[in-house]
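Student: What shape does this take:
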Amino acid sequence: MPARARVESIDVARGIIMILMALDHVHDFFGDLTSQPTNLDTTTAALFFTRWITHFCAPMFFLLTGVGACLTRRRLHKAELARFLLSRGLWLIFLELVVMRFALQFNVDYQVTIITVLWALGWAMIVLAALIWLPAWAIAGMGVAMIVGHNALDGVAPFTFDRLAPLWTVLHVPGPIFDNGRSLVFVAYVLVPWVGVTALGYVLGQVYRMDAAGRRAWLGWLGVGLCVAFVVVRLANVYGDPRPWSTQTSVLWTVMSFIDTNKYPPSLLFLLMTLGPALLLLRAFDRGVPGWLRPALVIGKVPLFFYVLHFFLIHLLAVAASWWRYGRVSEMFESPDLAHFPFSQPSGWGASVPVLYLIWLAVLVLMFPLCRWYAGVKRRRTDWWLSYL
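Tutor: Purely as a prediction, here's the structure:
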């Protein structure tokens, strides 16, 4: 496969979201899982915003996957692109079910398997392999319909479909799709909204065929439009999210209630709230990447490499911390129940917010040299397999 020219604004955006994503995963392994960060009854402002800022990661990554597919279309025939998306999608599903499942639990007993982002991203690419044969207006229409309309189906429960209930769970409602008492498979990332975001990303990729002024205008107006739409629809408190906002005891907590939108599945308001700023970020970096963000640019050139490897690193750090604090590591290798995923934490395990940030910074420092090395490999070589990691 021919080497592709990099678009730095896209790479640095990818890098930023991977860096933020690592913060969320550090919390998964080192935070107190008995306290939900977005539960306004029990959280703190610091913990809430530590979780909230990571909400931008998944929407932006799905969007940029579509944009990247559109850019790849410049050097591949449509049939070649469809084959690439299909093979890449199947590869991501394999990574999710085998590699990432091991990274999260360090065992292969498959007692508990939670299916997350790579699964949905893989299926989004597979669906996109079919959608690219349609005209752009049709792809855009399907994407908008999935994002805007799916909340109208929130009241439809999986049991409505009897034997097809697992299919509805995969498409729309997070939940278990298999449970025989010994093994449980739970889908956290459903497909319909995320496929829609990827489809719109593919259409958005066409702005990178424009001149710089036109591209920035489109990114700016679309970004502002989505932000305004979020505020207007959220103020109405009628549609677009299963959790209405309410006035709290202070302005800060009222703002927190206003922006506390539903991620599983991603509601219309969740996507408006995150994709609007994402487009504005792409516009901001379209003129160039500031020097202080060059490390993010490096990471953004190898996002899947970073994603897979940083889970192993964080889990290994948690194993080391458990041995240091408790003299045992058994919990780090056992399958937990859903309420204690990814592992059953020992008493007193949860770290404070400042400690979480220190561990996060340590993870980034350890990951950066590896990413820089692998980015160099990808720059020097054009082996076909490099496009899969």
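
Student: For the closest residue to Arg243 other than its chain neighbours, give me its contacts.
Tutor: Leaving aside its sequence neighbours, Arg243 sits nearest to Asn262 (C-beta to C-beta, 6 or more residues apart in numbering; 5.7 Å). Glycine gets a C-beta too; all of them are placed from N, C-alpha and C. Counting by C-beta atoms under 8 Å, 6 or more residues apart in numbering, Asn262 makes contact with 241-243, 269-270.

Student: how about 10 Å then?
Tutor: 38, 151, 154, 240-243, 268-270 (C-beta atoms under 10 Å, 6 or more residues apart in numbering).

Student: now those: which count as buried?
Tutor: The neighbour count (16 or more other C-beta atoms under 10 Å) marks 38, 151, 240-241, 268-270 as buried among the contacts of Asn262.

Student: So which bits of the strand or helix carrying Gly214 are buried?
Tutor: If you go by DSSP states H and E, Gly214 is part of helix 212-236. Residues of helix 212-236 classed as buried: 215-216, 218-220, 222-223, 226-227, 229-230, 233-234 (neighbour count, 16+ other C-beta under 10 Å).

Student: And stretch 132-151, by the same measure?
Tutor: Those would be 132, 139-140, 142-143, 146-148, 150-151, for stretch 132-151 by 16+ other C-beta under 10 Å.

Student: where along the stretch 101-250 of the chain do the strands fall?
Tutor: Ranges of strands in the stretch 101-250 of the chain, per DSSP state E, counting those that start in this stretch, are 112-115, 175-179, 184-187.

Student: right, so the ones you listed: which one is the most enclosed?
Tutor: Mean neighbour count (mean count of other C-beta atoms under 10 Å) peaks for strand 112-115 among those, with a mean of 21.

Student: Run through the neighbouring helices and strands of that strand.
Tutor: Contact partners of strand 112-115 among helices and strands, from 3 or more C-beta pairs under 10 Å, 6 or more residues apart in numbering; DSSP states H and E: helix 101-105, strand 175-179, strand 184-187.

Student: And Ala278, how close does it get to Trp119?
Tutor: 22 Å (C-beta to C-beta, to the nearest Å).

Student: can you list the weak-confidence ranges in this structure?
Tutor: For the chain, residues meeting the criterion pLDDT under 70 lie at 1-5.

Student: pull the longest helix from it.
Tutor: In the chain, with assignment by DSSP state H, the single longest helix is helix 353-380.

Student: circling back: and the buried residues of helix 212-236, which two are the farthest apart?
Tutor: Arg215 and Arg234 (28.6 Å; C-beta to C-beta).

Student: What's the local residue count around Phe305?
Tutor: Per other C-beta atoms under 10 Å, the neighbour tally for Phe305 reads 21.

Student: which ones are touching it?
Tutor: Residues in contact with Phe305 (C-beta under 10 Å, 6+ apart) are 18, 299, 367, 370-371, 373-375, 377-378, 386, 389.

Student: ok, now with 7 Å
Tutor: Counting by C-beta atoms under 7 Å, 6 or more residues apart in numbering, Phe305 touches 371, 374, 389.

Student: measure it to Val298 for me?
Tutor: Separation of Phe305 from Val298 (C-beta to C-beta): 11 Å.

Student: cool, and Gln36?
Tutor: 34 Å.

Student: returning to what we had before: which secondary structure elements does the longest helix of the chain sit against?
Tutor: The contact analysis (3 or more C-beta pairs under 7 Å, 6 or more residues apart in numbering; DSSP states H and E) places helix 353-380 against helix 8-30, helix 45-52, helix 294-300, helix 303-326.

Student: Quick check: which of these is nearest to Trp253?
Tutor: Here helix 45-52 is closest among these (C-beta to C-beta), at 7.7 Å.

Student: tell me which residues in that closest one are buried?
Tutor: 47-52.

Student: Dump the C-alpha coordinates for that helix into PDB.
Tutor: Extracted in PDB, the C-alpha atoms of helix 45-52 (Å, rounded to 0.1, in the frame of the first residue of the first chain):
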ATOM      1  CA  ALA A  45     -15.900  18.800  41.000                       C
ATOM      2  CA  ALA A  46     -12.300  17.700  40.400                       C
ATOM      3  CA  LEU A  47     -13.400  14.100  39.900                       C
ATOM      4  CA  PHE A  48     -16.300  15.000  37.700                       C
ATOM      5  CA  PHE A  49     -14.200  17.100  35.300                       C
ATOM      6  CA  THR A  50     -11.500  14.500  35.200                       C
ATOM      7  CA  ARG A  51     -14.000  12.100  33.800                       C
ATOM      8  CA  TRP A  52     -15.900  14.700  31.700                       C
END
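
Student: Work out the gap between that helix and the centre of the chain.
Tutor: Relative to the chain's own centre, helix 45-52 is displaced by 17 Å; criterion: C-alpha atoms, centre = their mean, to the nearest Å.

Student: Equivalent analysis for stretch 335-348, please.
Tutor: Using C-alpha atoms, centre = their mean, the offset of stretch 335-348 from its chain centre is 22 Å.

Student: All set, thanks.
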